[in-house]
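1. model this:
(one chain, ligands or ions: 6)
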Amino acid sequence: MKGFNKKVLVFAGVAVIAGAAVCALAFAQGDVSAGTGFKKLKPAGAYGATVIDRNTKEHKSVKPVIFPHWPHRVTYSCKACHTDLGFAFSANSADIKHSALEAGKYCGKCHNNKTSFGLSECDRCHLHGVKAGVTSKKIEDALAGLPPDDFGNKVNWVSALRDGKIKAVATPDGTGELSPLDLDVEMAVTKFSPHPPDVLFPHKAHTEQLDCTACHTGAVDPSGVFIPQKGANTGMNMMKIISGQYCGTCHGKVSFPLEDCFRCHSMPPPKPPEPPKKEEPKKEDGKTDKDGIKKDEADKDKAGSPAKDAVKQDGAVKDAPKPSAPPEQKK
Ligand code: HEC
Ligand code: HEC
Ligand code: HEC
Ligand code: HEC
Ligand code: HEC
Ligand code: HEC
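-> Ligands and ions are numbered 1, 2, ... in the order given. Next comes the predicted model:
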């Protein structure tokens, strides 16, 4: 355990340095950090509150819209809106006209005075700059009792769903269920040295909320597309993720944010580089007893060094509890 903690510490150090380097680069590009909100932690209720503000003549006549994800996540899967109602995983993509809402499209599918409040209540949606809070209820009150988390909405949405405390219905009618795919894919982090723990991508947590096309075809923002083959997405790296591509299409905007390093980098920490082996100074005196010792050592090497064995063991501990954050960060 002591050794493990030391390794976590080593990684935490690396993580901080890498994080700082990655952030510095990201911030140098100004708008990148603005887009991802990586720079400052948002209050729980504002996390995932998407501003919809297309810059057209008609839209100048009304206040921009704020779409809060969390009141919707309590009931609907991502698929219900992002596949069925045609919203992309990117703000300002849909061409939403008030007439379309009245025809029952987009928000108008539900904001019709039946499923939820109606279109006459303009400033419950067009509320950017109108009032301070985004929603009528505070997130702390509305979501009290859901399993807590340290980041984002401060709710562990995966546990909340599995505990039956929220729903993730498949369609905007409020019906249907998704059939999750239970397939974990290990993603080796080889492009950086010393490298952070590898990433474990769980299909289950995703396909409880999303359909395959969200990630495996061009149906959404092309940056969210993954080739469905282990190790095939060679262009992926942390910088692109921070700038909103690949995993960053959702993480950092709506799903838990990128500050939660170890929820993705959840494989066992890599071994620190081995200290150089202490070689016995070679004495070719040819004394029989010494030769015996030498032979023993040679056999030991063939059988595999203790360090190598430990690596093998580590590879096998796939089911070890995942540290979502190193103990040091919990303070
Ligand atoms: C009730 C409908 C609804 C649900 C449910 C929903 N979304 Fe959204 N989402 C939207 C709308 C609307 C937008 C804005 C699209 C636009 O402006 O064109 C959006 C935008 C986004 C964006 C882009 C945000 C940005 O800042 O660019 C992401 C990422 C996203 N959603 C992810 C998700 C994920 C992940 C889930 C499931 C956990 C989800 N959404 C559930 C309606 C929904
Ligand atoms: C699939 C159905 C559905 C769609 C689509 C949908 N909503 Fe909602 N929305 C709801 C439900 C249900 C609630 C919870 C309402 C309640 O508590 O009465 C809600 C709540 C809200 C709230 C919080 C209201 C408050 O004061 O607490 C806002 C704001 C909102 N929706 C805006 C939007 C906007 C903007 C869109 C389109 C971009 C949209 N919604 C699309 C179903 C939907
Ligand atoms: C359920 C949420 C919701 C409600 C309620 C709502 N809107 Fe909107 N409205 C939107 C969204 C989303 C857009 C698209 C914004 C964008 O793309 O920038 C929009 C766009 C608009 C636009 C610009 C596009 C166009 O059709 O010209 C106008 C004007 C507008 N709304 C007026 C109103 C008025 C007036 C009311 C009240 C009678 C109202 N809206 C109520 C969500 C809503
Ligand atoms: C949130 C995004 C996302 C969703 C949704 C998703 N996948 Fe994947 N899928 C991935 C990623 C990421 C990988 C790993 C790619 C890599 O290693 O580069 C992957 C890999 C795969 C692989 C290859 C596994 C291997 O070991 O080579 C298959 C097969 C696959 N997905 C099928 C599916 C199916 C079927 C669904 C729908 C039930 C689905 N995926 C939904 C992101 C997703
Ligand atoms: C299309 C949106 C989307 C993309 C792309 C995406 N995720 Fe997620 N991810 C989600 C949603 C939704 C959840 C549920 C939890 C939440 O929203 O906070 C989730 C949860 C997770 C979890 C938590 C599982 C658990 O049991 O707690 C991990 C780990 C994760 N994602 C890793 C990744 C990695 C790694 C990638 C990129 C290879 C990725 N995700 C890409 C939407 C996405
Ligand atoms: C949503 C999941 C997710 C989160 C959260 C996350 N990472 Fe990553 N990270 C990845 C994936 C996926 C890769 C790329 C693996 C590969 O090389 O294909 C990666 C790669 C890296 C790399 C290797 C260099 C590179 O650019 O590829 C470093 C270093 C790194 N991450 C550090 C961090 C740090 C520090 C944090 C927290 C501030 C963090 N990561 C949070 C998913 C994540």
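2. got the residues of the protein near ligand 5?
-> When proximity is defined as Cβ under 6 Å from any ligand atom, the chain approaches ligand 5 at 78, 89, 157-158, 199, 201-202, 205-206, 209-210, 214-215, 224, 246-247, 249-251, 255-256, 263-264. Where you see a C-beta, it was placed from the backbone N, CA and C, and this is true even at glycine.
3. so which of those residues are also by ligand 4?
-> Of the residues of the chain next to ligand 5, the ones that also sit near ligand 4 (Cβ under 6 Å from any ligand atom) are Phe201, His206, Leu210, Ala214, Cys215.
4. and which of the residues you listed is nearest Thr56?
-> Sorting those by how near they are to Thr56, with Cβ to Cβ, puts Ala214 at the top with 27.5 Å.
5. report all helices and strands that the helix or strand encompassing the closest one contacts.
-> Per DSSP states H and E: Ala214 is located in helix 213-216. Helices and strands touching helix 213-216, by 3 or more Cβ pairs under 8 Å, 6 or more residues apart in numbering; DSSP states H and E, are helix 78-82.
6. wait, does the helix it packs on contact ligand 3?
-> No - shown here: helix 78-82 not in contact with ligand 3 (Cβ under 6 Å from any ligand atom), separated by at least 12.0 Å.
7. what is that helix packed up against?
-> Secondary structure elements in contact with helix 78-82, counted by 3+ Cβ pairs under 8 Å, 6+ apart, are helix 213-216.
8. contact residues of this protein facing ligand 6?
-> Proximity of the chain to ligand 6 is assessed by Cβ under 6 Å from any ligand atom, with 15, 18-19, 187, 189, 191-192, 196, 199, 236-239, 241, 247, 251, 258-261, 263-265 identified as the residues in range.
9. now restrict those to buried residues only.
-> The neighbour-count criterion (16 or more other Cβ atoms under 10 Å) marks 15, 18-19, 187, 189, 196, 199, 236, 238, 241, 247, 251, 258-261, 263-265 among the residues of the chain next to ligand 6 as buried.
10. got the end-to-end distance for stretch 177-190?
-> Counting by Cα to Cα, to the nearest Å, you get 37 Å between the two ends of stretch 177-190.
11. is it positioned near ligand 1?
-> No - for stretch 177-190, no contact with ligand 1 is found by Cβ under 6 Å from any ligand atom; the gap never falls below 11.2 Å.
12. that stretch - what's its average pLDDT?
-> Mean pLDDT, taken over the full extent of stretch 177-190, equals 95.
13. before we move on, back to that, among the ones next to ligand 4 among the residues of the chain next to ligand 5, which one sits closest to ligand 2?
-> If you rank those by distance to ligand 2 using Cβ to the nearest ligand atom, Leu210 comes first, at 15.3 Å.
14. list the contacts for Ile96?
-> Shown here is Ile96, whose contacts under the criterion Cβ atoms under 8 Å, 6 or more residues apart in numbering are Ile52, Arg54, Tyr106, Cys107.
15. same check on Pro228?
-> The neighbourhood of Pro228, defined by Cβ under 8 Å, 6+ apart, consists of Cys212, His216.
16. what's it sitting at in phi/psi?
-> Dihedral angles of Pro228 (phi, psi; degrees, to the nearest 10) stand at phi -80, psi 70.
17. for Met187, same thing?
-> According to degrees, to the nearest 10, Met187 has phi -120, psi 110.
18. distance of it relative to ligand 1?
-> Using Cβ to the nearest ligand atom, to the nearest Å, Met187 is found at 19 Å from ligand 1.
19. which pLDDT value goes with the residue in the stretch 151-300 of the chain that ligand 3 sits nearest to?
-> With Cβ to the nearest ligand atom as the measure, Pro172 is the residue of the stretch 151-300 of the chain nearest to ligand 3, at 13.1 Å. According to the prediction, Pro172 has pLDDT 97.
20. my read: it touches His82, true?
-> No - judged on Cβ atoms under 8 Å, Pro172 makes no contact with His82 at a distance of 10.6 Å.
21. of the two, which one has the most company?
-> Between Pro172 and His82, His82 has the larger neighbour count (other Cβ atoms under 10 Å), namely 22 against 19.
22. pretty sure the more buried one is touching Ala214, no?
-> Yes - at 6.5 Å, His82 and Ala214 qualify as touching, with contact defined as Cβ under 8 Å.
23. so where's the stretch 151-300 of the chain uncertain?
-> Residues of the stretch 151-300 of the chain that meet the criterion pLDDT under 70 lie in 218-224, 278-300.
24. please enumerate the strands of it.
-> Counting by DSSP state E, counting those that start in this stretch, residue ranges of the strands within the stretch 151-300 of the chain are 184-187, 199-202.
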